[in-house]
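In: turn this into a structure:
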Amino acid sequence: MILYGRQDISPQDIAAVVEVLNSDYLTQGPCVPAFEKAICELTHADHAVAVNSATSALHIACLALGVGAGDLVWTSPITFVASANCALYCGAEVDFVDVESSTGNMSPAALKAKLETAKARGRLPKVIIPVHLAGHSCDMKTIGALARQYGVSLVEDASHCVGGSHDGDKIGACRYSDITVFSFHPVKIITTAEGGVATTQDARLAEKMALFRSHGITKAVEKLQRPDEGPWYYEQQELGFNYRMTELQAALGLSQLERLQTFVEIRNRLAEQYRRALADSVVTTVDPLAGSLSAYHLQIVRLPDPAKRRAVFEKMQADGIQVHVHYFPVHLQPYYQGLGFAKGDFPIAEQFYSEIMTLPLHPGVSQEQVEFIVQRLLVHVSA
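Out: You can find the predicted model right below:
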C-alpha cells in the first residue's frame, strides 16, 4: 500500500532517542528547551512552548488569550475537529467562517462580512483561528488586518505548516497573529511521535502557556504569591494540565529538524510532479497562494464529479493507493449538529469537501509511484 502520509525515521533519529533513554532525564530535562530554541530559530519567533500535541497547544493558546465562558471563537469548517474543540474546552462557544473555493482556507471576504455583522449585533469573537490547510498559508495579511480592525486575537493553526513561509515571513513568526501552533504527529512534516508547539512574540503569552502546560505550577521565586518556604516549594497558580512534551519526543524532534528543509523540498518536488501530470486533465490540484512556500503536508485534488468520489476512492484503495479526504466539515459532525449547526450553513466548505481527495505525499513516495497514482486516478475518474 502506498500510504498517503507516514513518518521518515533515520538511524540518527533512533540514536537521539536512545541517547535520552540512557540519560538521567526522560522528561523535564534539557532536550525540551533545546527543541523550543530550535523552533524559535526556525520560525523567527521569540518564544516557543512545546507540548504533547497540537490539540494541547491550541487549548493553552486559547487559555492564554483569556478565552472562557461567554466568549466566542471562530475557525474554519474545513479542518480537524481540534481547531474548534479547543474553544469548547475553555467553556466558550464556537462558530465558523466559510472558506475560499480555490484553497479551502478561511475566506477573507467571508470573514470581513461576518465581522461586520457580528459588530452590528454586538457579539464579536474573542479569538479567530485560521487553519493553513495542507500546509498552504491563509491570506494572513488580510486576515490580520481585519483582526486588528475589530480588536480580535488570532491563533494560526499551522499544524500542517512547519517549514513553510508566506510573503517572505516564516510560518510561526506571528507577524499578523498572537500565537501559531504546529503539530508533530507522525504524518506531519516532521514528527516527535506525538507533540506540538506554540510560538509567539509575546513574552506574557509564552509565560501563561508554559504555566498552563504544567498543572498551572511554578517554582520561579520571583513569581511566588506566598513566602518562599525553601528549594522544594512550588505553587499552583492556575488550573493547568499535564501537557508537557517528554525528552524522548524533543530529542526526536531536534533530530528531525535537521532534515526539515530536505523534507519540504521533496514534498514540493512531488507536488509539482502531480501538478504537471494533472495539468491537462479534469482533475485539478489545490495549490498554495502566490508568494508562498508550502510545507505540503497534503496533496489535495478536486474531482470533476462528486457523485463518483466514493467509487474512485474505493478503486484507488483496491489498487494499493491509500487515498484520504481532508476534511469532513466540522459543523456537520454529529456533535456540532447537536450544538445547532446544520447542512447549508457553510455552503462553499460543503461543496469543497464534496469534491476533494488526498493523494499520497511524503518523502517515501517515489516519482514512479506518483506516475502510477496519477495514471490510476485518471482511469478511475474517466470510467
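
In: partners of Thr180 in the sheet?
Out: Here Thr180 sits in beta bridges with Glu156, Thr199, going by DSSP bridges.

In: that one: neighbour count?
Out: Using other CB atoms under 10 Å, Thr180 is surrounded by 32 other residues. Yep, even glycine has a C-beta here, placed from its N, CA and C like the rest.

In: thought Ser354 was touching Arg309?
Out: Yes: using CB atoms under 8 Å, Ser354 is in contact with Arg309, at 7.3 Å.

In: quick one: which of these two has more around it?
Out: Higher neighbour count among Ser354 and Arg309: Arg309, with 19 against 15, using other CB under 10 Å.

In: next, the contact list for the more buried one, please.
Out: 303, 325, 354-355, 357 (CB atoms under 8 Å, 6 or more residues apart in numbering).

In: any idea how far the helix or strand where Trp74 lies is from the chain center?
Out: Assigned by DSSP states H and E, Trp74 belongs to strand 72-75. The chain centroid and the centroid of strand 72-75 are separated by 16 Å, computed with CA atoms, centre = their mean, to the nearest Å.

In: as a check, name the ranges of all strands in the stretch 51-200 of the chain.
Out: In the stretch 51-200 of the chain, the segments counted as strands under DSSP state E, counting those that start in this stretch are 72-75, 93-96, 127-129, 153-157, 165-166, 169-170, 179-183, 196-200.

In: picking up where we left off before, go through the contacts of Arg309 and flag which are in helices.
Out: 354-355 (DSSP state H).

In: any chance of CSV for the contacts of Arg309, columns distance to His47?
Out: Formatted as CSV, the contacts of Arg309 follow (distance: CB to CB, whole Å):
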residue, distance to His47
Leu303, 42
Val325, 35
Ser354, 40
Glu355, 39
Met357, 38
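
In: just the buried residues from the contacts of Arg309, in PyMOL please.
Out: Buried subset of the contacts of Arg309, written as a PyMOL selection, criterion 16 or more other CB atoms under 10 Å:
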select buried, resi 303+355+357
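
In: Asp202: which of the contacts of Arg309 is nearest?
Out: Val325 (36.3 Å; CB to CB).

In: give me phi/psi at that closest one?
Out: phi -130, psi 120 (degrees, to the nearest 10).

In: which residues touch it?
Out: Applying CB under 8 Å, 6+ apart to Val325 gives the contacts 309, 313, 353, 356-358.

In: just Lys119 next, same as before
Out: Going by CB under 8 Å, 6+ apart, Lys119 touches Tyr150.

In: and what of Asp167?
Out: 140-141, 291-292.

In: do you know how far Glu156 is from Pro33?
Out: 23 Å (CB to CB, to the nearest Å).

In: same check, this time on Gln369
Out: From Gln369 to Pro33 the distance is 39 Å (CB to CB).

In: and what of Ser183?
Out: To Pro33, Ser183 is 20 Å away according to CB to CB.

In: who has more neighbours out of the two?
Out: In this view Ser183 and Pro33 are compared by other CB under 10 Å, and Ser183 has more residues nearby, 28 against 13.

In: my guess is that one meets Cys161, correct?
Out: No: between Ser183 and Cys161 there is no contact under CB under 8 Å: 9.1 Å.

In: okay, now the domains of the chain?
Out: As given by automatic domain parsing, the domain ranges for the chain are 11-257, 260-382.

In: what's the most buried one of the ones you listed?
Out: Among the domains of the chain, domain 11-257 has the highest mean neighbour count (mean count of other CB atoms under 10 Å), at a mean of 20.

In: now the end-to-end length of that domain.
Out: Across domain 11-257, the terminal residues are separated by 14 Å (CA to CA, to the nearest Å).

In: what of stretch 288-296?
Out: Termini of stretch 288-296 sit 9 Å apart (CA to CA).

In: quick one: contacts of it?
Out: Outside stretch 288-296, the residues that reach it (CB under 8 Å, 6+ apart) are 103, 134-137, 139, 160-168, 171, 189, 264, 267-268, 270-271, 361.

In: equivalent analysis for stretch 55-70, please.
Out: By CB under 8 Å, 6+ apart, stretch 55-70 touches 49, 51, 73, 82-83, 85-87, 89-92, 126-127, 129, 153, 155, 157, 178-179, 181-182, 196-198, 205, 208-209, 212-213, 241, 243.

In: and that stretch, C-alpha only, in CSV?
Out: Provided in CSV are the C-alpha atoms of stretch 55-70 (Å, rounded to 0.1, in the frame of the first residue of the first chain):
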residue,chain,number,x,y,z
THR,A,55,-4.5,20.0,20.3
SER,A,56,-2.9,20.8,23.7
ALA,A,57,-1.1,23.8,22.1
LEU,A,58,-4.4,25.1,20.7
HIS,A,59,-6.1,24.7,24.2
ILE,A,60,-3.4,26.6,26.1
ALA,A,61,-3.2,29.2,23.3
CYS,A,62,-6.9,29.9,23.9
LEU,A,63,-6.5,29.9,27.7
ALA,A,64,-3.5,32.3,27.5
LEU,A,65,-5.7,34.7,25.4
GLY,A,66,-8.3,34.6,28.2
VAL,A,67,-11.0,32.5,26.3
GLY,A,68,-13.7,31.4,28.7
ALA,A,69,-17.4,31.1,29.3
GLY,A,70,-19.4,33.6,27.3
